[in-house]
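J.: sequence unknown, structure follows:
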């Protein structure tokens, strides 16, 4: 078989079937995103409505996951709690990616004093006990969901900056960058349209890890009473409120905890898949 025939056969070869795990992962993530947007609308009951006459109850035909000590429907609160579980981590992952990518690109491309200043800030941030800092600051200023989000962006961004800096250092000496410089392409354009697309797979994969970590961190803060306001449908807060019900209605604790673990795991798997897709596409180009 000639070389031309081999190339044609490779081009015309049928695409492999999508991985079943990836399909399941993306389907679950799609449903979680839909719940984050429409969760309150599809909830069978008002997630804030109390029924003190009913009180704590185990799963039944009327309340599939039972009710908590205040008579609130567990399933409705889980559906409504998807919003806080998705929005906050998404803002953290996106904010940290933007901030960390900008700083990482500048540090890796410019070098010198700018690189030194940025990396010393990264080193300082890495030396801090991040979770403890968030707990102390959030506790001092009253503890709010969005304060925790801002603090986590600041603490997570240095990790992105270090990864992108390393990738930029590897890309900066390459011929395509030197060619862009020689024809007078501006520095912002070189960074954003030439270098960043080649480091984007690492940036996006790290963003998925940041999302999963932030989801767990925010749930932990809510568990400690430093996240959303008391009574708000939130998976972490539901775990805190339901821990005393573990031996009466364990679903009240296990269901929101399972949703936290499921969402974090699905996002991590999706991030790995996106990284592989983007990396293989870049290699093929």
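T.: Looks like it arrived, so ask away. Note that the structure is a prediction, hence the values are computed from the model and not measured.
J.: what comes up buried for the helix or strand in which residue 209 is found?
T.: For residue 209, the enclosing helix or strand under DSSP states H and E is helix 196-223. Residues of helix 196-223 classed as buried by neighbour count (16 or more other C-beta atoms under 10 Å): 196, 198-223. C-beta here means a position set from N, CA and C on the backbone, and glycine is covered the same way.
J.: can you check stretch 91-111 too?
T.: 91-93, 95-97, 99-109.
J.: residues in contact with it?
T.: For stretch 91-111, contacts defined as C-beta atoms under 8 Å, 6 or more residues apart in numbering pick out 114-115, 118-119, 149, 152-153, 156-169, 171-172, 187, 190-191, 195-196, 199, 203-204, 206-208, 210-211, 214.
J.: just the buried ones from these?
T.: Looks like the contacts of stretch 91-111 have 115, 118-119, 149, 152-153, 156-165, 167-168, 171-172, 190-191, 195-196, 199, 203-204, 206-208, 210-211, 214 buried, using 16+ other C-beta under 10 Å.
J.: isn't residue 159 right up against residue 210?
T.: Yes: Residue 159 lies in contact with residue 210 (C-beta atoms under 8 Å); the separation is 7.5 Å.
J.: helix 196-223 and the next helix-or-strand element following the helix holding residue 209, what's the angle between them?
T.: Counting by DSSP H and E, the element after helix 196-223 in chain order, helix or strand, is helix 235-242. Relative orientation of helix 235-242 versus helix 196-223 (axes from the mean of the first three to the mean of the last three C-alpha atoms, to 10 degrees): 20 degrees.
J.: distance from the chain centre to helix 235-242, please.
T.: 20 Å (C-alpha atoms, centre = their mean, to the nearest Å).
J.: which strands and helices sit next to that helix?
T.: helix 74-110, helix 196-223, helix 251-284 (3 or more C-beta pairs under 8 Å, 6 or more residues apart in numbering; DSSP states H and E).
J.: how far does the last one sit from the chain's center?
T.: Here helix 251-284 is found 9 Å from its chain centre; the criterion is C-alpha atoms, centre = their mean.
J.: that helix vs helix 235-242, what angle?
T.: Angle of helix 251-284 versus helix 235-242, following the same axes, to 10 degrees, is 160 degrees.
J.: which of the residues in helix 251-284 are buried?
T.: 251-253, 255-257, 259-260, 263-264, 266-271, 273-275, 278.
J.: what residues does stretch 33-48 touch?
T.: So stretch 33-48 is contacted by 63, 72-73, 75-77, 79-83, 85-87, 231, 233 (C-beta under 8 Å, 6+ apart).
J.: whichever of these end up buried, select them in ChimeraX.
T.: Of these, the buried ones can be selected in ChimeraX as follows, counting by 16+ other C-beta under 10 Å:
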select :63,72,73,75,76,77,79,80,81,82,83,85,86,233
